[in-house]
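Peer 1: based on what follows, work out the 3D shape:
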Amino acid sequence: MTTPKTAAELRRILGSRKLERVVVLGANGTMGYGSAALFTTAVPEVTLLARTKAKADEGLAAAIKQVRSPTVALRAKTGDYEHDLAKAVAGADLIFEALTEDMALKQEIFDKVEAARRPDSIVATVTSGLSINALCAGRGESFRKNFLGLHFFNPPNVIVGTELIAGKDTDPAVVEFIDAFSTIRLGREMVRAFDTPAFAGNRVGFKVMNEVAQLAGEIGPLLADKLVGPYTGRAMTPLATVDLVGWDIHRAIVDNVYANTNDEAHETNRLPDYMAKLMEKGVLGNKTGGGFFKKDGKKRLVLDPATGSYKPESEIALPELGYIAEVAALHRDGRYKEGMQVFLKAKGEYAKIARRVIAGYVAYAFHRVGEVAESIDGIDRIMGLGFNAAPPSVLVDTIGAKGVVAMIEEAGLAVPALLVEAAQTGKPARFFQHTRINVGRFFVAE
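Peer 2: Modelled structure (predicted):
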């Protein structure tokens, strides 16, 4: 198991090489300009490149607006691929690719990067789940040794959880350096993830969101989001999150997982048919004015998945869900364990549905240990500090191992061996060991 580095060890690694010039490719996209803004806090020169200089200038303006800091403008330059890429890349210590999730498009830009880069420059991709090994396949040894995934979560100036993914040929010294640089200079919470589809955070997080999207097709988005709402340990409800990140991004991630994995929860990653049909009509979430939800003045409208029409939230009748208010009231008082016991014991079909989703989240995460990350700790940290959702281990600690096992069994799912042992032996007494993280941040009252 990887041993965490001390602050002194990280500083020593950071001093092993120089990183002063960064080039950001795809700088007009939200992740591109957000990442560029973040890099300006750590290095003296950041070059934002896009298809045209005008697009790169738009990215710079968005970066300045996002962080409201004069440092961004002072340290940033802009340009385009045709006129400025070769020179910028030749002088860069780090080339950071933030293009859309399209393998062919990324490989096309890497052709240009490989032709222009120095042999010792680092190339990082912010891909949310495409294979690191596939992205650099067939390239020269120097490129492959210095290539890795550096997956920020959006917006990177706010969300500190970051995945670091090495390829099979990545130089371990490069991995250690980027880890140290990102931790010390960028203030990241670094998680080493394996090169598997969607890595760790998106593999677990989007599985839950897609499962709720499937549920929305049966019971409607409003009720589905209510059942898996803040009281279950998440700052933003699943479907509101899908609308925020974009249906197209959501689809790219779950389609990638569905096509390239075959685990015990495979069908929960199948994109609902109604979403595919609505996407053909241009529905992509907030970026197109609405998805599961949209605004009409001060009113929130809710999608009818069957027809594609919208109805005011106030006109939608919900079943009696009194237990949610009871759980939320206990959370407001910091009585999280008591609140989750109410959730565990709540009667009715809808409480059972909610438990099924949460049980699936915990079980899926623990089953992925050794596949997407070395330990549950990595999955915990990226879910907590990447998705701002209660880490699986926090839910186990809060509900109790025996209660979680019972919930997973009620859902008809296989119980992970780690949880079986904990329920039987009482060890470990706690799975989540990050004393500097207040678990109360994850239990937001309704």
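Peer 1: tell me where this protein has strands.
Peer 2: Using DSSP state E, the strands of the chain run over 21-25, 45-50, 76-80, 94-97, 122-125, 147-152, 161-166, 189-193, 293-296, 299-303, 310-312.
Peer 1: export those strands to TSV and append columns for mean pLDDT.
Peer 2: Formatted as TSV, the strands of the chain follow (pLDDT from 0 to 100):
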stretch	mean pLDDT
strand 21-25	98
strand 45-50	98
strand 76-80	97
strand 94-97	98
strand 122-125	98
strand 147-152	98
strand 161-166	98
strand 189-193	97
strand 293-296	94
strand 299-303	96
strand 310-312	96
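Peer 1: nearest to Ala417, of those strands?
Peer 2: Distance to Ala417, taken as CB to CB, is lowest for strand 189-193 among those, at 21.4 Å. The C-beta positions use only the backbone N, C-alpha and C, and glycine is treated the same way.
Peer 1: list the helices and strands that closest one packs on?
Peer 2: Helices and strands touching strand 189-193, by 3 or more CB pairs under 8 Å, 6 or more residues apart in numbering; DSSP states H and E, are strand 161-166, helix 172-184, helix 376-386.
Peer 1: next one: the first one to chain centre, how far?
Peer 2: Just to be clear, that refers to strand 161-166. 11 Å (CA atoms, centre = their mean, to the nearest Å).
Peer 1: dump the strands of the chain into JSON lines; add distance to Leu215 and mean neighbour count as well.
Peer 2: JSON lines is the format used below for the strands of the chain (distance: least, CB to CB, whole Å; neighbours: other CB atoms under 10 Å):
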{"stretch": "strand 21-25", "distance to Leu215": "38", "mean neighbour count": "28"}
{"stretch": "strand 45-50", "distance to Leu215": "39", "mean neighbour count": "27"}
{"stretch": "strand 76-80", "distance to Leu215": "43", "mean neighbour count": "19"}
{"stretch": "strand 94-97", "distance to Leu215": "35", "mean neighbour count": "25"}
{"stretch": "strand 122-125", "distance to Leu215": "33", "mean neighbour count": "25"}
{"stretch": "strand 147-152", "distance to Leu215": "27", "mean neighbour count": "26"}
{"stretch": "strand 161-166", "distance to Leu215": "26", "mean neighbour count": "24"}
{"stretch": "strand 189-193", "distance to Leu215": "27", "mean neighbour count": "22"}
{"stretch": "strand 293-296", "distance to Leu215": "15", "mean neighbour count": "15"}
{"stretch": "strand 299-303", "distance to Leu215": "13", "mean neighbour count": "19"}
{"stretch": "strand 310-312", "distance to Leu215": "18", "mean neighbour count": "14"}
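Peer 1: do you know which of those strands lies nearest Phe181?
Peer 2: strand 94-97 (8.5 Å).
Peer 1: what's next to the closest one, contact-wise?
Peer 2: With contacts defined as CB atoms under 8 Å, 6 or more residues apart in numbering, strand 94-97 is touched by 19, 21-26, 35, 39, 89, 106, 109-110, 113, 117, 121-127, 150.
Peer 1: same check, this time on stretch 110-125
Peer 2: 17, 19, 25, 81, 85-87, 89-90, 92-97, 106, 132, 135-136, 139-140, 142-143, 146-150, 174, 177-178.
Peer 1: just the buried ones among these, please.
Peer 2: Among the contacts of stretch 110-125, those scoring as buried are 19, 25, 81, 85, 89, 92-97, 106, 132, 135-136, 139, 142-143, 146-150, 174, 177-178 (criterion: 16 or more other CB atoms under 10 Å).
Peer 1: quick one: residues contacting the closest residue to Ala406 other than its chain neighbours.
Peer 2: Nearest non-adjacent residue to Ala406, counting by CB to CB, 6 or more residues apart in numbering: Leu344, 7.7 Å away. Listed by CB under 8 Å, 6+ apart, the contact set of Leu344 reads Arg355, Ile399, Gly403, Ala406, Met407.
Peer 1: show me where the stretch 1-150 of the chain has its helices.
Peer 2: Assigned by DSSP state H, counting those that start in this stretch, the stretch 1-150 of the chain shows helices spanning 7-14, 30-39, 53-67, 70-75, 81-90, 103-116, 132-135, 141-145.
Peer 1: flag every buried residue along the longest one.
Peer 2: When neighbours are counted by 16+ other CB under 10 Å, the buried residues of helix 53-67 are found to be Lys53, Lys55, Ala56, Asp57, Glu58, Gly59, Leu60, Ala62, Ala63, Ile64, Gln66, Val67.
Peer 1: now these as CSV including pLDDT and distance to Ala265?
Peer 2: What follows is these, written out as CSV (pLDDT from 0 to 100; distance: CB to CB, whole Å):
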residue, pLDDT, distance to Ala265
Lys53, 97, 45
Lys55, 97, 39
Ala56, 97, 41
Asp57, 97, 44
Glu58, 97, 40
Gly59, 96, 37
Leu60, 96, 42
Ala62, 94, 37
Ala63, 95, 38
Ile64, 93, 42
Gln66, 89, 35
Val67, 87, 38
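Peer 1: shaky segments in the chain?
Peer 2: 1-2, 445-446 (pLDDT under 70).
Peer 1: can you list the domain ranges for it.
Peer 2: Here the domain parsing of the chain from automatic domain parsing is 7-193, 201-442.
Peer 1: how long is the last one end to end?
Peer 2: Using CA to CA, to the nearest Å, the gap from the first to the last residue of domain 201-442 comes to 16 Å.
Peer 1: pull the distance from stretch 198-209 to the chain's centre.
Peer 2: With CA atoms, centre = their mean, you get 7 Å for stretch 198-209.
Peer 1: begin at 276 from now on, thanks
Peer 2: Let's use 276 as the start, then, which means that last one is stretch 473-484.
Peer 1: which residues of the stretch 526-675 of the chain fall in helices?
Peer 2: 548-555, 597-607, 611-620, 624-642, 651-661, 667-674.
Peer 1: returning to what we had before: of the helices and strands packed on strand 464-468, which is nearest Val487?
Peer 2: helix 651-661 (15.4 Å).
Peer 1: now the closest one: buried residues?
Peer 2: Ile651, Asp652, Gly653, Ile654, Asp655, Arg656, Ile657, Met658, Gly659, Leu660, Gly661.
Peer 1: which one among those residues gets closest to Val558?
Peer 2: Gly661 (25.9 Å).
Peer 1: didn't that closest one look like it was pressed against Pro431?
Peer 2: No. Counting by CB atoms under 8 Å, Gly661 does not reach Pro431; the two are 10.5 Å apart.
Peer 1: quick check: neighbours shared by the two?
Peer 2: Thr437.
Peer 1: out of everything not next to it in sequence, what's closest to Val577?
Peer 2: Nearest non-adjacent residue to Val577 (CB to CB, 6+ apart): Leu497, at 4.8 Å.
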